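In: show me the folded form of this:
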Amino acid sequence: MKLALRAALLTAALTLPVSAREFTVVTYNVENLFDADGQAVFDDYQETGEENAYSPAKLLVKLQNIGRVLQTFNQGAGPEVIAFNEFEIDFTPESKATDHAAVLEKYKDVTVEEMLTTKLDDEIRGLPVEVLLLKYLEDEGMGGYQVAVGEDEADLSLLETTDRSVRRKAHKNAVFSKFPITDVKSHATPDARDILETTLDIDGQPLILFVNHWKSRASDLNAEQTRRLNARTLRDRLDAIIAENPSADILVAGDFNSQYNQTKANPHLGKTAVNDVLGSQGDEATTAASTGFSLYNLWHELPPEKRYSDSYDGKWGTLMQNMVTPGLYDHRGVQYADNSFMVVMVDDVNTVGVLNLPRRWTNFGAGAGTSDHFPIAAKFRTVDEDDTAKRLELSDPGREEDAPTELMEVGFDSLETDDVPAFEPLQGKDPATQIGELFRVRGKITSLRPLAIEVGGEKYLLHSHNKDLRQQLRSYPKEGRLEFIGELGTHRG
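Out: Prediction:
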C-alpha cells in the first residue's frame, strides 16, 4: 500500500543514534464509534432492528475497517501510540469495565467477531467501546495497549429528550499506548469534550500527550468564541507545565475543529482559538530554538497542496492536528523525527472515489467505511543524550509564510464526465459499498420540495450544502431532464 511504502521510506531516511527507540503516534477521529448497548443520543445510532439501523454486527464492520487502517503500521502490529477522538461516552455506566486486562483474560478464547454475533449477550453489550476495540486489536495481532479515556460523564436525560436545541454530548477522547501510561488527567472545557492529558513512559522518558476535540463548526463565529475557551483551558495547562519544566516533551493532538491556518483562512473570526489563544504557528525554527513556550503545528511539514485531512462543502480541511513544543527538539528524553508527519490514506479502505475523499462511515446495508477524517501520524524517538542546549538539526524547516490564505478546493469543478462512472439504480444491491462514491447521473426531476430525481425508475432525493445551487436546481421545471456529477449519500437514515 502507499502508506506502508511511504512509512518505510521515512524510516530509512532517518539517521538514528544506536540506542534510539523510534515510535509512531497516530491521531484518529473514528467518527462516532458507538458501543453495542442500544443506548445512544444520536438517532442514527439507535438500535431499532431496521435494515439500515446501527447494530452490533455493524460495530464489528467498523472495528474491522479501523483495524485495517492501523495494520499498515509496524508490519501489521499497529502504531505504538494512538490518540482517538469520538469514542461514545458509555450510557450504561453500571457496566463500566475499568480493568481491561481482566476483560481480555475473560474473553481470551472468544473473538470480538463472536462476541458481537453468535456470543452476544447483555454483558458484552454493556462493554464500553474502548474495551471492544482493545479486544479486537488483540485478536488481530495488535495487542499490548494500555488505555486511558476522558472522564466525560454521560447525561442519561439526553436519552429521553427530543429537543434538538439541547446540547447532546456523546463523545470522549482516548489514548491507546504500548508504553506504560503513568498519569492521566481530564480537563473539562466549555461545550466540548474533556481534554485528555496522559503521561507516557517511553523507556524511562516522559512524554506528555494532550488529546483534544474542540467545539464544532470551524468557520462559525459563535463556535469560535467557544473554541477560544477550549484553547484557554489547554494553554493554561501548557503554560503551567512549561513554567515548571521548559524542556518538557509535549505533543498536542486531536480534532480542533479549526484549520491549522484558522486566522488566515477565516479572517471574519477575528481572534482565533488555535492560532491566537493557543499560539499554534508554522515557524519550525522558532520552536526548535525556543527555551520557553512555543507550539509548532506539524501541518507545515507538508507542501501546502498536501495539507488536508477532511472535506466539507467542496473544500479540504485540516481539523486533525499535531503540535509540538521545544522540548521535542532538544537532545534529552523524546525527540520529534524531523519531516515524519504524514496523512494516513489507505487506498480503498479509508479513501473513496477519484478524488480520494475520506470514506465516511455509513449504517446502510451491512455498514461500510471508516471515518469522515483521515488519521494523521508522526514519528518520535528517544535520545541517549541529556543535553537540553543541543538542538535537532532541521532539514527544510516549516515556515509560517507558506500557509495559504484560502482553503484548497477538493476538485469537483475540475472533474470531467468521463472521470466518474455512470450511476445505475441500486435495485437491491447493498448501497453501503457505494456511499460516498461520485457518479455521473442522468434523470428526471420528480419533485421540487423536497428536491428529488428519478433514475432508472428509482427515486432519489437531491441535496447540496450550497444554498445557491439548491435554488438553481429548484429553477428547473418538474419533469425536466438533468445531468450532473453527484455523490451518493445518506441523511438521517
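In: any chance you could map the helices in the stretch 151-300 of the chain?
Out: 221-244, 262-265, 284-289 (DSSP state H, counting those that start in this stretch).
In: show me where the stretch 101-250 of the chain dips below the pLDDT cut-off.
Out: 156, 158-168 (pLDDT under 70).
In: ranges for the strands of the stretch 51-200 of the chain?
Out: 81-88, 146-149, 171-177, 181-187, 195-202 (DSSP state E, counting those that start in this stretch).
In: break down the stretch 351-493 of the chain into its strands, ranges please.
Out: 351-352, 357-358, 376-391, 438-448, 451-455, 458-461, 481-487.
In: pull the number of nearby residues for residue 189.
Out: 20 (other CB atoms under 10 Å). Backbone N, C-alpha and C define where each C-beta goes, glycine included.
In: that one contacts residue 236, correct?
Out: No - using CB atoms under 8 Å, residue 189 is not in contact with residue 236, being 10.5 Å away.
In: joint contacts of those two?
Out: Overlap of the contact sets of residue 189 and residue 236 (by CB atoms under 8 Å, 6 or more residues apart in numbering) is empty.
In: circling back: please identify which of the strands of the stretch 351-493 of the chain is closest to residue 409.
Out: Distance to residue 409, taken as CB to CB, is lowest for strand 357-358 among the strands of the stretch 351-493 of the chain, at 12.6 Å.
In: strand partners (parallel or antiparallel) of that closest one?
Out: Neighbouring strands of strand 357-358 in its sheet, by DSSP bridges, are strand 351-352 (antiparallel).
In: neighbouring contacts of the strand it pairs with?
Out: 345, 357, 358, 359, 369, 374, 436, 437.
In: same question, stretch 358-367
Out: 31-32, 44-45, 51-54, 57-58, 61-62, 309-311, 349-352, 368-374, 430-433, 435-436, 490, 493.
In: for residue 382, which residues make a bridge with it?
Out: Residues in beta-bridge contact with residue 382 (DSSP bridges): residue 334.
In: re earlier: most tightly surrounded among the strands of the stretch 351-493 of the chain?
Out: strand 357-358 (a mean of 23; mean count of other CB atoms under 10 Å).
In: mean confidence score for that one?
Out: In this model, strand 357-358 carries a mean pLDDT of 96.
In: cool, stretch 420-431 as well?
Out: On average, stretch 420-431 scores 79.
In: just how off-centre is that stretch within its chain?
Out: Relative to its parent chain, stretch 420-431 has a centroid offset of 29 Å by CA atoms, centre = their mean, to the nearest Å.
In: just the C-alphas of it, formatted as PDB.
Out: Extracted as PDB, the C-alpha positions of stretch 420-431 are listed here (Å, rounded to 0.1, in the frame of the first residue of the first chain):
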ATOM      1  CA  VAL A 420     -16.600   9.100 -13.000                       C
ATOM      2  CA  PRO A 421     -18.800   6.100 -13.600                       C
ATOM      3  CA  ALA A 422     -22.400   6.300 -14.700                       C
ATOM      4  CA  PHE A 423     -24.900   5.800 -11.900                       C
ATOM      5  CA  GLU A 424     -27.100   2.700 -12.100                       C
ATOM      6  CA  PRO A 425     -30.100   2.200  -9.900                       C
ATOM      7  CA  LEU A 426     -29.300   0.100  -6.800                       C
ATOM      8  CA  GLN A 427     -32.100  -2.300  -7.400                       C
ATOM      9  CA  GLY A 428     -31.400  -4.400  -4.300                       C
ATOM     10  CA  LYS A 429     -27.600  -4.000  -4.200                       C
ATOM     11  CA  ASP A 430     -26.000  -3.100  -0.900                       C
ATOM     12  CA  PRO A 431     -25.700   0.700  -1.100                       C
END
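In: who touches it?
Out: Contacts for stretch 420-431 (CB under 8 Å, 6+ apart): 353-354, 362, 364-366, 368, 434, 437-442, 455-458, 485-486, 488.
In: burial count for residue 423?
Out: Neighbour tally, residue 423, other CB under 10 Å: 20.
In: now do the phi/psi pair for it.
Out: Per-residue torsions, residue 423: phi -80, psi 130 (degrees, to the nearest 10).
In: how much space between it and residue 365?
Out: Separation of residue 423 from residue 365 (CB to CB, to the nearest Å): 17 Å.
In: could you do residue 105 as well?
Out: From residue 105 to residue 365 the distance is 35 Å (CB to CB).
In: between those two, who's got more neighbours?
Out: residue 365 (18 against 10).
In: so how far is residue 51 from that one?
Out: 8 Å.
In: likewise for residue 32?
Out: Residue 32 is 19 Å from residue 51, by CB to CB.
In: give me the more crowded residue out of the two.
Out: More crowded of residue 32 and residue 51, by other CB under 10 Å: residue 32, with 21 against 11.
In: helix, strand or coil for that one?
Out: strand (DSSP: H, G, I helix; E, B strand; the rest coil).
In: per-residue pLDDT, it?
Out: On the pLDDT scale, residue 32 gets 97.
In: tell me which of the contacts of strand 351-352 is nearest to residue 398?
Out: Nearest to residue 398 among the contacts of strand 351-352, with distances taken as CB to CB, is residue 374, at 19.6 Å.
In: measure residue 475 to residue 243 for me?
Out: 61 Å.
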